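Undergrad: Here's a sequence, model it:
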Amino acid sequence: MTDRRSPVSGLYAVTPDVADSAWLRARVAQALAGGARILQYRSKSPDRALMARQACELAALCRAQGVLFIVNDDVQIACECGAHGVHLGREDAAIAAARAQLGDDALIGASCYDDLARAQQCVDAGADYLAFGSFYPSAVKPGAARAIPALLREARVRWHLPLVAIGGITPENAPPLLAAGADALAVISGLFQVPDTYAAARAFRRLFDARSRSASLDATA
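TA: The predicted model follows:
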């Protein structure tokens, strides 16, 4: 079995819910070129044919760039497009059921919101990474429960799984989340609702590069 945990780090791009596939492909390509290491296809469209087409197109783009591709919620579409895994929320398929369908090497992430008890349940069920948030006001989920950076610190003490922070994250407000222990930053609006997706991705990438340099200096001190 491969180690499913190590790849989950860096800029984690999450797609907006749009029907314009050409626009979506172009913006995703900019995000990947700018340094996104993971892409999650997230769509709430009732048009499953559109979702399947978009997911398969983006999966191919990610494979060509060596980027992890995750599908939000939908295990069947993840299977159809050969995704690396799925991301599951409270109302989605059970982690065990997704694992049975996708196999041992699939990456399965879990939304834990602001709830450490749920995180423990997800760990026990076999999740590969834990996502917490919303840390900041989010236009995508304006009513989401608010998490605080201390939650990441506590999760880092309890579990040795990658931690993903999500919710209204920008290059300007991300540093406290990285300092608190986030391995990855999941970003929607901060990448796809800005004039220049490539420049935004580069700004996030610089934050991770700076942290890596700091860690290297600490290790050699």
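
Undergrad: what's in contact with the strand ranked longest in the chain?
TA: When the chain is parsed with DSSP state E, its longest strand is strand 107-113. Strand 107-113 has contacts (Cβ atoms under 8 Å, 6 or more residues apart in numbering) with 4, 7-8, 68, 70, 84-90, 95, 98-99, 102, 118-119, 122, 125-133, 144-145, 147, 164. C-beta here means a position set from N, CA and C on the backbone, and glycine is covered the same way.

Undergrad: Tell me, how many residues neighbour the closest residue to P16 other than its chain neighbours?
TA: Distances taken as Cβ to Cβ, 6 or more residues apart in numbering place F192 nearest to P16, at 4.7 Å, with adjacent residues excluded. Other residues lying near F192 total 21 when counted by other Cβ atoms under 10 Å.

Undergrad: go on, A119?
TA: 25.

Undergrad: what do you get for A117?
TA: Using other Cβ under 10 Å, A117 has 8 neighbouring residues.

Undergrad: Send me the host helix or strand of it as PDB with only the CA atoms.
TA: A117 belongs to helix 116-125 when assigned by DSSP states H and E. Listed next in PDB are the C-alpha coordinates belonging to helix 116-125 (Å, rounded to 0.1, in the frame of the first residue of the first chain):
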ATOM      1  CA  LEU A 116     -12.700  17.900  16.900                       C
ATOM      2  CA  ALA A 117     -15.100  15.100  17.900                       C
ATOM      3  CA  ARG A 118     -16.100  14.700  14.300                       C
ATOM      4  CA  ALA A 119     -12.400  14.800  13.300                       C
ATOM      5  CA  GLN A 120     -11.800  11.800  15.700                       C
ATOM      6  CA  GLN A 121     -14.700   9.900  14.100                       C
ATOM      7  CA  CYS A 122     -13.200  10.600  10.600                       C
ATOM      8  CA  VAL A 123      -9.800   9.400  11.800                       C
ATOM      9  CA  ASP A 124     -11.300   6.200  13.200                       C
ATOM     10  CA  ALA A 125     -13.100   5.600   9.900                       C
END
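
Undergrad: Quick one: list the elements packing against it.
TA: helix 95-102, strand 107-113, strand 129-132, helix 149-158 (3 or more Cβ pairs under 8 Å, 6 or more residues apart in numbering; DSSP states H and E).

Undergrad: Can you list the buried residues in it?
TA: By neighbour count with 16 or more other Cβ atoms under 10 Å, helix 116-125 contains the buried residues 116, 118-119, 122-123, 125.
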